[in-house]
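Student: Quick one, what's the 3D model for this:
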Amino acid sequence: MAVCLLVRHGHSSANADGVLAGWTPGVALTDRGVAQAAAVAADLAGLPVTRIVSSPLDRCRDTAGPLAAALGLPIETDDDLGECHYGGWTGGRLADLAKDPLWRVVQDDPASARFPDTAAYRAESLAQMAARVVNAVRRLDDEVTAEHGTDAVWVAVSHGDPIKSVLADAAGAGLAGLQRIHVDPGSVSVIRRTDGRSLVVTTNRRVASLSESLGSLEQARGRPGDAPVGGGSGSAASGE
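Tutor: The predicted structure is shown next:
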């Protein structure tokens, strides 16, 4: 099957403010995020990419923009690649959300975690989000393979938790492994599906050294070892 490059959007204004953006409209890339998007484009521009499909949210489309321009490809959007619907957690400060009892469920038993309903924002469970995104990647991968062959390369631009769910599925860990995976803003991860299984080729490709990689493992506002809900903001020390 085709090769899928999973690109997480660049550093955003919500990352900078320490809030969970979810589907909040108007969340833009910071200067750091713009630089990350340019770096992704430079890194991937020499690859034979056949298709770029993005979450419809601004921070993803803005990340896809430089790559699309470099490759001369359009940016397609697919709602199923969108961020998790965090419901009542949308727009909340991560420092405050870490005090909610639901935080421990998200960390320790993500398969049973569902975000609270609200009139302003749709809510879903992490299981619903994972099924939505994993199925979308499989569907799009099948389309690319059918049109361009088994060695085709395509790009999906999405968000932290959705990309983690795809990687956990590809690794055979399922949703139980969601919080054991880390992806930074502006990072690239690679999977390839085969007839019998999926192969994780690389994850969180972004950093140039081990020290930078360790620097990106920021505290997640909860206990040591907790994963940042939404994916985290990456390492400021890395110069991004």
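Student: max-length helix in the protein?
Tutor: Longest helix of the chain, by residue count under DSSP state H: helix 126-148.
Student: Who are the packing partners of the helix or strand containing residue 157?
Tutor: Following DSSP states H and E, one finds residue 157 within strand 153-158. Applying 3 or more CB pairs under 8 Å, 6 or more residues apart in numbering; DSSP states H and E, we find strand 153-158 packed against strand 3-8, strand 49-54, helix 58-71, helix 126-148. To be clear about C-beta, it is placed using only N, CA and C from the backbone, and glycine gets the same treatment.
Student: would a markdown table of these with distance to residue 79 and mean pLDDT be doable?
Tutor: Compiled in a markdown table, the helices and strands packed on strand 153-158 are given as follows (distance: least, CB to CB, whole Å; pLDDT from 0 to 100):
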| stretch | distance to residue 79 | mean pLDDT |
| --- | --- | --- |
| strand 3-8 | 17 | 97 |
| strand 49-54 | 11 | 98 |
| helix 58-71 | 11 | 98 |
| helix 126-148 | 9 | 97 |
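Student: And the longest helix of the chain, what's buried?
Tutor: Using 16 or more other CB atoms under 10 Å as the test for burial, helix 126-148 gives 126-127, 129-134, 136-138, 140-141, 144-145.
Student: between the helices and strands packed on strand 153-158, which one is nearest to residue 189?
Tutor: Closest approach to residue 189 among the helices and strands packed on strand 153-158 (CB to CB): strand 3-8, 4.4 Å.
Student: which helices and strands sit right next to the closest one?
Tutor: By 3+ CB pairs under 8 Å, 6+ apart, strand 3-8 packs against helix 58-71, helix 126-148, strand 153-158, helix 160-170, strand 188-193.
Student: show me what contacts residue 13?
Tutor: Residues near residue 13 by CB atoms under 8 Å, 6 or more residues apart in numbering: 27, 28, 29, 30.
Student: from these, which single one is nearest residue 65?
Tutor: Out of those, the member with the shortest distance to residue 65 (by CB to CB) is residue 29, at 9.6 Å.
Student: for the helices and strands packed on strand 153-158, which one sits closest to residue 97?
Tutor: Between the helices and strands packed on strand 153-158, helix 126-148 lies closest to residue 97; by CB to CB that is 14.2 Å.
Student: Are any of the contacts of residue 13 buried, and if so which?
Tutor: 27, 29, 30.
Student: measure the second one to residue 8 for me?
Tutor: Here the criterion is CB to CB, to the nearest Å. By it, residue 29 lies 12 Å from residue 8.
Student: counting contacts, what elements does the helix or strand harbouring residue 37 pack onto?
Tutor: Per DSSP H and E: residue 37 is located in helix 31-44. For helix 31-44, the elements it packs on are helix 58-71, strand 188-193, judged by 3+ CB pairs under 8 Å, 6+ apart.
Student: In JSON lines, list the ones you listed along with distance to residue 3.
Tutor: Output for these, formatted as JSON lines (distance: least, CB to CB, whole Å):
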{"stretch": "helix 58-71", "distance to residue 3": "15"}
{"stretch": "strand 188-193", "distance to residue 3": "5"}
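Student: Which among these is found nearest to residue 204?
Tutor: That would be strand 188-193 among these, by CB to CB, at 6.2 Å.
Student: Show me what the closest one is in contact with.
Tutor: 1-8, 40, 43-44, 137-138, 141, 163, 166-167, 170, 183, 198-206.
Student: separation between residue 172 and residue 145?
Tutor: 21 Å.
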